[in-house]
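# Predicted model, plus sequence, below.
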Amino acid sequence: MSTLNTLQLEINPRDEFNHYDDYYSLPSENAFMDTILTLIDDIPYPVFITKKGKRMIYALNEHAKRGVDNHLIDNVSVDNILNINNTALENNPVVNFNNQWYLVNTGSFQAGNTVYDKIELKPNPEVPNKITLDRCKHMIAVMLHRFRSPLTGIAGYLELLKSETDLENIQNRAKKIDHGIIRLANLMDELEYFYNIPNKFDRKKLEHIELDSILNKVQFDLDKNLRNRIQFLSPLQKKTFFATNEALKMVVKLLVENALEYSPENSPVVISQLSENSIKISNECFNMPEEVKEHIFHPFVTSKANNLGIGLTMALVYANQFGGTIFLTEDGSDGRVSFTICFPYL
């Protein structure tokens, strides 16, 4: 716990003829509040200050004010504003605040004779923000525009070459070139699909959805040999999730496909409902590279040469459509990897 000792005010003796404003008397709560506000105001994410052992909001910075009604914070508990999810991450609670997801970090400090709690909402460094995703999509749009035209031309000239010769060795080489063109075209189709996924939260489209129905659809789309690897730990009390049917299906589908691809053959992929606001998908996995862990949801991050590395990014964009997010909750260091889908309290 840190101690705040930044106020150096001159104290003069009081008498019945010499009245000083309480603001300039130490320990003055108002004076300390000014100092606290100065210290937290430049922090680039939301910060709330409460008195130790109490949850009533004492102070907050500008980033926090953007997500609350300033007229409704007097004598209000911070818990009425922050619906903290303690089940998503084992050692770190998370919260959806002002339509953004944050990691919650709480520390204490002392100002004068009073101890305060500082509740910081820090962005998850693994997850790209909306600005980063928009820039990535803009880059993809430029790439698609630049690459499709010459690729179409190459394919046309190749067809002419194949039609003008019957030599077997030329035809065989042309087939290999044709295979490469098809591969490039498929990659660009995948990028275009990613580019066209809306990254917008629309509360009006949300509905109550049962996880069972989503899993049935996801399993139906899988190859029969893969369906038996999916295990669902059904909770004693089933609850519905507030999302959009298509978006939640795509999130689960992409996470399940990722788990199947990166886990040992025939090992199970386990899906569990942690709470009414979180779903966990886990699988066996070893030796995840550090550079992948640190940027797991960023596009073009992959440990496989043939992949674009946009599957988890697409899952994140679909989660954004219902105000949710995804956290990497086990990173393979103990032999398992898990992703947890979080839903906001609405």
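Here it is on my side, so go on.

# How far off centre is the strand ranked longest in the chain?
Counting residues, the longest strand found in the chain (DSSP state E) is strand 100-111. Taking Cα atoms, centre = their mean, to the nearest Å, one finds strand 100-111 lying 19 Å from the centre of the chain it belongs to.

# following that strand, which helix or strand comes up?
On the C-terminal side of strand 100-111, the closest following helix or strand by DSSP states H and E is strand 114-122.

# And that following strand, what does it pack against?
If contacts are counted by 3 or more Cβ pairs under 8 Å, 6 or more residues apart in numbering; DSSP states H and E, strand 114-122 sits against helix 29-41, strand 47-51, strand 100-111. In this view, the C-beta of every residue, glycine as well, is placed from N, C-alpha and C.

# tell me the average confidence for stretch 308-320?
Average pLDDT, stretch 308-320: 92.

# And it, what's buried?
Neighbour-count burial for stretch 308-320 flags 309, 310, 311, 312, 313, 314, 315, 316, 317, 318, 319, 320 (criterion: 16 or more other Cβ atoms under 10 Å).

# Next, the residue nearest to the first one when sequence neighbours are not counted: secondary structure please.
With Cβ to Cβ, 6 or more residues apart in numbering as the measure, residue 302 is the residue that lies nearest to residue 309, at 3.2 Å, once sequence neighbours are left out. Of the three states, residue 302 takes coil according to DSSP: H, G, I helix; E, B strand; the rest coil.

# sorry, back to before: tabulate the helices and strands packed on strand 114-122 (JSON lines), appending mean pLDDT, distance to residue 157 and mean neighbour count.
As requested, the helices and strands packed on strand 114-122 are arranged in JSON lines below (pLDDT from 0 to 100; distance: least, Cβ to Cβ, whole Å; neighbours: other Cβ atoms under 10 Å):
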{"stretch": "helix 29-41", "mean pLDDT": "79", "distance to residue 157": "62", "mean neighbour count": "16"}
{"stretch": "strand 47-51", "mean pLDDT": "91", "distance to residue 157": "61", "mean neighbour count": "20"}
{"stretch": "strand 100-111", "mean pLDDT": "89", "distance to residue 157": "49", "mean neighbour count": "17"}
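
# could these go into JSON lines alongside distance to residue 125?
Shown next, in JSON lines, are the helices and strands packed on strand 114-122 (distance: least, Cβ to Cβ, whole Å):
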{"stretch": "helix 29-41", "distance to residue 125": "21"}
{"stretch": "strand 47-51", "distance to residue 125": "18"}
{"stretch": "strand 100-111", "distance to residue 125": "9"}
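
# Ok, which of those comes nearest residue 273?
strand 100-111 (19.3 Å; Cβ to Cβ).

# can you give me the strands in the chain?
Counting by DSSP E, the strands of the chain are 2-4, 47-51, 57-60, 84-85, 94-97, 100-111, 114-122, 207-209, 230-233, 241-243, 269-275, 278-284, 325-331, 336-342.

# Provide the contact partners of the fourth one at residue level.
Going back to what we said before, that points to strand 84-85. 93, 94, 95, 96, 104, 275, 277, 278, 342, 345 (Cβ atoms under 8 Å, 6 or more residues apart in numbering).

# give me that answer again for 7 Å
Residues from elsewhere that reach strand 84-85, judged by Cβ atoms under 7 Å, 6 or more residues apart in numbering: 93, 94, 95, 104, 277, 278, 342.

# got it, and stretch 192-200?
In contact with stretch 192-200 (Cβ under 7 Å, 6+ apart) are residues 130, 133, 137, 140, 141, 144, 310, 314, 317, 318, 320, 321.

# Try it again at 8 Å.
Residues contacting stretch 192-200 (Cβ under 8 Å, 6+ apart): 130, 133-134, 137, 140-141, 144, 299, 310, 313-314, 317-318, 320-321.

# Now stretch 211-218: buried residues?
For stretch 211-218, by 16+ other Cβ under 10 Å, it's 211, 214, 215, 218.

# so who does the third one touch?
By that I understand residue 215. 230, 232, 252, 271.

# The longest strand of the chain packs against which elements?
By 3+ Cβ pairs under 8 Å, 6+ apart, strand 100-111 packs against strand 2-4, helix 29-41, strand 94-97, strand 114-122.

# Which one, of those, ends up nearest to residue 224?
strand 94-97 (36.8 Å).

# Tell me the strands beside that closest one, with direction?
Looking at strand 94-97 with DSSP bridges, its partner strands are strand 84-85 (antiparallel), strand 100-111 (antiparallel).

# what would those look like in a markdown table with distance to residue 224?
Listed next are the strands paired with strand 94-97 as a markdown table, based on distance: least, Cβ to Cβ, whole Å:
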| stretch | distance to residue 224 |
| --- | --- |
| strand 84-85 | 36 |
| strand 100-111 | 36 |
